[in-house]
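Student: Sequence first, then the predicted structure, then my questions.
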Amino acid sequence: DDIEWTNLAFSGLVPGLQAKRFDALCTAIFINPDRLKIMNMISYVQWGEGLMVPEGNPDGISCEGQIGKAESYDACFDGLAGKTVSVAAGGTTNKHLEEESARMKAAGLDGIDIRAFDSNSEAIQALTSGQADAAYLNDPQAAFYISQSGAPYEIAFAGYAGNQLA
């Protein structure tokens with residue numbers, strides 16, 4: 001049988017698989033208990049999430065983040081209070097950013113103005129075009145963009161919510 005490839009926004013992948021629109025996914029997707037209930041997943045790499053900002057980190061976003069200790073990243077997220085941050089819709093990066101914004105609001109801080117896009121490319125474009133103060137991405141995606149483009153950006157923090165991918 002021939003393989004038929006379908007290009008789809010990330011947020012439509014799992015629902016499409018559940019609706020039997022296709023038989024398998026070919027993407028980097030974090031392994032979690034909910035996803036394991038609906039699909040077989042084979043771990044092949046581990047990475048975390050991080051923040052891409054303009055070179056020089058003009059907003060001074062930093063913390064002493066320790067992989068595996070979510071609370072050690074609180075200062076990083078708190079530095080985003082009232083800032084506009086782009087992210088790919090529907091994935092764990094979007095979910096974690098929303099959770100951190102809710103935590104900040106509960107602590108009396110301004111929340112994060114989250115702008116969710118269909119892809120990481122669009123989230124990066126929002127930063128580079130000035131629509132966002134930062135882009136919240138998976139670590140290797142941010143590092144790859146910075147290294148390949150030569151654009152004036154850096155990673156303010158990395159390693160949040162490190163997890164295995166399938």
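Tutor: In hand now; what should we look at?

Student: The residue nearest to residue 68 when sequence neighbours are not counted: neighbouring residues, count only.
Tutor: With CB to CB, 6 or more residues apart in numbering as the criterion, residue 68 has its nearest non-adjacent residue at 6.6 Å, and that residue is residue 162. All C-beta spots, glycine's among them, are computed from the backbone N, C-alpha and C. Residues within reach of residue 162, counting by other CB atoms under 10 Å, total 14.

Student: The one 4 residues further on now?
Tutor: Neighbours of residue 166 under the rule other CB under 10 Å: 17.

Student: Equivalent analysis for residue 124, please.
Tutor: The number of residues near residue 124, taken as other CB under 10 Å, comes to 24.

Student: Check residue 27 too.
Tutor: For residue 27, the neighbour count with other CB under 10 Å is 11.

Student: separation between it and residue 160?
Tutor: Per CB to CB, to the nearest Å, residue 27 is found 20 Å from residue 160.

Student: How about residue 146?
Tutor: The value you get for residue 146 to residue 160, if CB to CB is used, is 17 Å.

Student: out of those two, which sits in the more crowded spot?
Tutor: Using other CB under 10 Å, the more surrounded residue of residue 146 and residue 160 is residue 160, with 27 against 17.

Student: Point me to the helix or strand that includes the more buried one.
Tutor: Per DSSP states H and E: residue 160 is located in strand 153-165.

Student: which parts of that strand are buried?
Tutor: By neighbour count with 16 or more other CB atoms under 10 Å, strand 153-165 contains the buried residues 153, 155-161, 163, 165.

Student: Please apply the same query to stretch 111-130.
Tutor: 111-112, 114-117, 120, 122-124, 126-128.
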